[in-house]
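Student: need coordinates for the following:
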Amino acid sequence: MKALSPYEIVQVPVYSEKADRLRDAQNWYTFRIHPAANKIQVRQAVEQIFGVKVEKVRIIRMKPKPRGRMWRRGRRGYKPAWKKALVKLRAGHKIDILQL
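Tutor: Numbering: from 1, shown residues only. Purely as a prediction, here's the structure:
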């Protein structure tokens, strides 16, 4: 497998109410990441892209979800599976998520 750039590893921030609560209360930031990325790669990519220090990384595999109604003779479509990372920054470090 070829080496991934930091911008391929950390794809986009996740915008949701839960992600907002975690960011404001506990300094956890949520990102959608490349399916083959691991915790070490995510830590290095976030530190390199945003110039912050990472304290902890958690990774979650999101399962595919059913999409739409039944179609084509009873078969159903699915949203693809994806991977997200929760990144906790050290005290005093912050990412301006609105400028991304």
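Student: and the longest helix along the chain, how far out from the chain's middle?
Tutor: Ranked by number of residues, the top helix in the chain under DSSP state H is helix 39-50. Mean C-alpha position of helix 39-50 versus that of the full chain (CA atoms, centre = their mean, to the nearest Å) differs by 12 Å.
Student: in PDB, could you pull the C-alpha coordinates for it?
Tutor: Output of helix 39-50 as PDB, limited to C-alpha atoms (Å, rounded to 0.1, in the frame of the first residue of the first chain):
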ATOM      1  CA  LYS A  39      -4.200   5.800  15.500                       C
ATOM      2  CA  ILE A  40      -0.500   6.700  15.000                       C
ATOM      3  CA  GLN A  41      -1.200   8.000  11.500                       C
ATOM      4  CA  VAL A  42      -4.200  10.000  12.600                       C
ATOM      5  CA  ARG A  43      -2.200  11.600  15.500                       C
ATOM      6  CA  GLN A  44       0.700  12.600  13.100                       C
ATOM      7  CA  ALA A  45      -1.700  13.900  10.500                       C
ATOM      8  CA  VAL A  46      -3.700  16.100  12.900                       C
ATOM      9  CA  GLU A  47      -0.500  17.500  14.500                       C
ATOM     10  CA  GLN A  48       1.000  18.200  11.000                       C
ATOM     11  CA  ILE A  49      -2.200  19.800   9.500                       C
ATOM     12  CA  PHE A  50      -3.400  21.900  12.400                       C
END
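Student: which strands and helices sit next to it?
Tutor: Identification of packing neighbours for helix 39-50 by 3 or more CB pairs under 8 Å, 6 or more residues apart in numbering; DSSP states H and E yields helix 6-9, strand 10-13, strand 28-33, strand 54-62, strand 82-89. C-beta coordinates here come from the backbone N, C-alpha and C atoms, glycine included.
Student: in that helix, what's buried?
Tutor: The neighbour-count check on helix 39-50 (16 or more other CB atoms under 10 Å) flags 41-43, 45-47, 49-50 as buried.
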